[in-house]
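**Student:** For reference, the sequence and a predicted model appear below.
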2 protein chains.
Amino acid sequence: MSKVHNFSAGPSILPQEVIKKAAEAVLDFNGSSLSLLEVSHRGKDVVAFVDHNIALIKEILGVPEGYSVIYMQGGASLQFHMVPLNLLKTNGKAGYIDTGTWANNAIKEAKRIGGTQVLASSADKNYTYIPKNVAVPEDLDYLHITTNNTIFGTEYFHLPKSSAPIVADMSSDIFSRPINVAEYGMIYAGAQKNLGPAGVTLAIVRNDLLGKHGRDLSPMLDYKVYIDKESMFNTPPVFAMYVCMLTLEWLKANGGLTWIEQRNIRKAEMLYAEIDRNPLFVGTVATEDRSRMNATFLLKDETMEPAFNAILKEARISGLPGHRSVGGYRASMYNAMDVDSVQALVDAMREMERRA
Amino acid sequence: MSKVHNFSAGPSILPQEVIKKAAEAVLDFNGSSLSLLEVSHRGKDVVAFVDHNIALIKEILGVPEGYSVIYMQGGASLQFHMVPLNLLKTNGKAGYIDTGTWANNAIKEAKRIGGTQVLASSADKNYTYIPKNVAVPEDLDYLHITTNNTIFGTEYFHLPKSSAPIVADMSSDIFSRPINVAEYGMIYAGAQKNLGPAGVTLAIVRNDLLGKHGRDLSPMLDYKVYIDKESMFNTPPVFAMYVCMLTLEWLKANGGLTWIEQRNIRKAEMLYAEIDRNPLFVGTVATEDRSRMNATFLLKDETMEPAFNAILKEARISGLPGHRSVGGYRASMYNAMDVDSVQALVDAMREMERRA
C-alpha cells in the first residue's frame, strides 16, 4: 500500500524510525523483557533516558547556563495557567500579544491570576498577520507571545523588542529552526507537533525568574518543584517522554536545527509557490508572516472542495481540512514530514487545476 | 529466556496481550497506515475508542446514572489539588483520614485551599493499620480516604460511615474488586497500577456535587469542563487512554471484577500464608487491613537481605524492594499478575528458608 501523507495539525507526523523504536520499547524496554509501559519511573534505565533526553534538548537548542529544562503534563493549556501563577507577581502585570485562538486562551487564564494587558492583536484582520512594532511597557513581569499560530497559519520570524522577559508558547514550531534561548525568559511547548505524542509538555525556564510570585502554589503547579525533582515529583508520563527522546536523537543524527530549518524552508517554499501560482487557490495570511509549519489556504471557488477532497483522498493525503473554527485547508508540515509528501500535495493541487 | 516476574509498585505490570496490541497500534492504528502516536485526537477512530473506553468503565464498575467518567493528566497528585478546588466550598470544610504518604500529600493540598480536618490517622503506628470507627462530622463537604496505601500495604475493606460524600483515591486498587460506586461522591485513580501506563488519570464524579465551590477555576482544573468536553478540552493523552481501553477489554473478556477479585484474593492468600508460615519473614501491617495489591514484609534478620536478593535475582523476580521511605520488601500483585508469579515469589522465600 502506498504511503499516507500525514498533514495532521497535531497530534502529528513522527519519524518512521521513531515509531518503530517506540513500538519495540513497548514490547521490550532495553532488553529487560519488560515493556516500557510497566517499569518503574525510578528504575535506573528510565532515569538514564530522562537525563539523556534533557541533555539532548540542551545540546540541540543550545540552552545556556541558568536555564532549567523540565517535562510536565497537561499540555500548553495547563501552561496558560501555570505561567502567570509562577511568573506574574501578585501586584505585577504581564503583557500578551493576541495572535489567535491559543494566544487568546493564554490571555484568559492570565486575567484570572493577575494584571494582564493585551498589547496588540491581529483580531482586526482575523489573525492573518503578526502585529509589528508593538510598544512593550518596561515594567512588565513578562511579555507572552505564541510563536506559531497553528490554526491561522502565522509565525513570528522576528521577536518583539522587549526589556521584559519574553515567554513563548512554541508548541507548534519548537525544534523547527535554530533559536537563541537567551532571548527568552521561558519557552514551553506541548510535545505533539515536533517532539512526540500527546501527553507531555516541555518547558525551558530562566531560573532567576522563579520564586518571586508571592503565592502558595501546589507542587504540581510550581516550576521550582519540577526543577528540584528533575520532573519526577510524581510519576511522569514515561512513554511519551521516551518518544520525545527518540525524536531528539533522530533530529541530532540528521544534522540538528540547521538541517531541519533548511528542510522546513524548502517544504514551505514548495507549497507556498504552488498556492501563489495556481489560479484556483489563495493563501490566507500576510506573505511575510506565513508559517513554515502550518500553511493555510482556500479554494477560491468553495464549490470545488468536494472535487479537491476526492483528489486528496486518491493521493492518500490526510489531515488537510482547516481547523473547525476557520475552514478551508491547512497543510501542517512538521519536522518529520518528508519533502515528497509536500510534493504529493503540490501534485494534487496541479491535478485539481487540470480537472477544473 | 524465562519470564520476568514484575512486582513493581507502579508503573506496573500490564497484561501481555495489552502490551502486544499497544505495540501494534504504535505501528499501525486501526489499519490506517498511521501510528496511533501521530493521528488527531479529533479523528473519528480516536473519538470512537475514547467513547468505548468510557462505556467499558461504566459497564465494568456499574457506574449509576448521575455520575460522569473523565480522563485527565497530572496523576493523583494533581487530583490532590483539584478535589478541594472543585468540591470544598469556599466557606466549607473537608475531612481527611490519614493512612500514609499519599493521604498526607492530599491533606497538604486541601489545607492550601480551605477548611480541612484530619479526622483520624494511623501515623501513631507507622501507618500499619486502617483507622476504624472514625467519627465523621455531618457538615463536611466531603470525606477523603485513600482506599489502598501502596507504600505501607494497607487497604480499606469497609468504608467509614459517613453522611458526607466519600471521595476516594483508588489509584492502586481500582478495578481490583467489585465496588458500589453509589457509595462514593467521587473516585479517582492514576492509571499506572491496574489500568494503563503512566500519564493519564481516571475520575468518576457525582454530577450534583459540582459547581458549588464558588471559585473562578481554570478550565484545566475544572471537572465540569472535562465533563462538558468529554475529556477533550485540550489534546488528551491519546496513547495512554488507548492502553487503558485495551486493559479494560482484557478485564471484561476474562470475567470482570468478580473474576479478578477471586484471582487477587488467591494471590494475596498464597503470599500472606507464606509470610506467616516462613520463620524468616514477618508481615508489617495489621492482618485485617492487609492489602491485596501491595504486600509489605520484612526479613526478621536484615543481614539476610543480600542472600534473599540474590535468590530473587536468580528467579527473575523484579520490583520487590520496599518504597525508599520504608525499606523491607513490597510485593505488588496488581490485576495483570498471574498466580505463577506469586508462586515464584513463594518458592524464593522457601528457598531462602532452605539456605538459611
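**Tutor:** Happy to help now that I have it.
**Student:** can you pull out the strands in chain A?
**Tutor:** Per DSSP state E, chain A carries strands over the ranges A:5-6, A:67-72, A:93-98, A:115-121, A:142-146, A:148-149, A:154-155, A:166-169, A:186-190, A:201-206, A:281-283, A:294-299, A:317-318, A:329-332.
**Student:** Say whether chain B is contacted by the third one.
**Tutor:** Put plainly, it is strand A:93-98. No. Strand A:93-98 lies out of reach of chain B by Cβ under 8 Å from any Cβ of the partner chain, never closer than 15.4 Å. From N, CA and C alone the C-beta is placed, and that goes for glycine too.
**Student:** Now tell me what touches that strand from outside.
**Tutor:** A:84, A:87-88, A:103-104, A:106-107, A:110, A:114-123, A:131, A:134, A:136-137, A:139-146, A:160, A:162, A:164 (Cβ atoms under 8 Å, 6 or more residues apart in numbering or on different chains).
**Student:** These, buried ones only, as a PyMOL selection?
**Tutor:** Restricted to buried positions by 16 or more other Cβ atoms under 10 Å in any protein chain shown, the PyMOL selection for the contacts of strand A:93-98 reads:
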select buried, chain A and resi 84+87+88+103+104+106+107+110+114+115+116+118+119+120+121+122+131+134+136+140+141+142+143+144+145+146+160+162+164
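**Student:** on that earlier part again, right, and the strands of chain A - which one's nearest B:Ala182?
**Tutor:** Nearest to B:Ala182, of all the strands of chain A, is strand A:67-72, at 35.2 Å by Cβ to Cβ.
**Student:** then that closest one to CSV, C-alphas only?
**Tutor:** Extracted C-alpha coordinates of strand A:67-72, given in CSV (Å, rounded to 0.1, in the frame of the first residue of the first chain):
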residue,chain,number,x,y,z
TYR,A,67,18.1,27.8,32.5
SER,A,68,16.3,24.6,33.5
VAL,A,69,14.6,22.1,31.3
ILE,A,70,11.5,20.2,32.6
TYR,A,71,8.8,17.9,31.5
MET,A,72,5.2,18.3,32.7
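**Student:** which strands and helices sit next to it?
**Tutor:** helix A:44-61, helix A:75-87, strand A:201-206, helix A:223-228 (3 or more Cβ pairs under 8 Å, 6 or more residues apart in numbering or on different chains; DSSP states H and E).
**Student:** closest one to chain B among those?
**Tutor:** helix A:75-87 (3.9 Å; Cβ to the nearest Cβ).
**Student:** so does that closest one get close to chain B?
**Tutor:** Yes. Applying Cβ under 8 Å from any Cβ, one finds helix A:75-87 in contact with chain B at A:Gly75, A:Ala76, A:Ser77, A:Leu78, A:Phe80, A:His81.
**Student:** avg pLDDT for that helix?
**Tutor:** With pLDDT averaged residue by residue, helix A:75-87 scores 98.
**Student:** Run the chain-centre distance for it.
**Tutor:** Offset of helix A:75-87 from its chain centre (Cα atoms, centre = their mean, to the nearest Å): 15 Å.
**Student:** same check, this time on stretch A:100-119
**Tutor:** The answer for stretch A:100-119 is 19 Å, by Cα atoms, centre = their mean.
**Student:** For A:Val346, give its distance to A:Phe297.
**Tutor:** 12 Å (Cβ to Cβ, to the nearest Å).
**Student:** and if you look at A:Asp289?
**Tutor:** Distance from A:Asp289 to A:Phe297, by Cβ to Cβ: 14 Å.
**Student:** Between these two, which has more neighbouring residues?
**Tutor:** A:Phe297 (25 against 22; other Cβ atoms under 10 Å in any protein chain shown).
**Student:** what sits against the more buried one?
**Tutor:** With Cβ under 8 Å, 6+ apart, A:Phe297 has these contacts: A:Ile275, A:Phe281, A:Val282, A:Gly283, A:Thr284, A:Gly328, A:Tyr329, A:Arg330, A:Ala331.
**Student:** Domain ranges for chain A, per the record?
**Tutor:** Domain segmentation of chain A under automatic domain parsing yields A:16-253, A:255-355.
**Student:** okay if I get those domains as TSV plus distance to B:Leu257?
**Tutor:** Below are these laid out as TSV (distance: least, Cβ to Cβ, whole Å):
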stretch	distance to B:Leu257
domain A:16-253	21
domain A:255-355	39
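**Student:** Thank you, goodbye.
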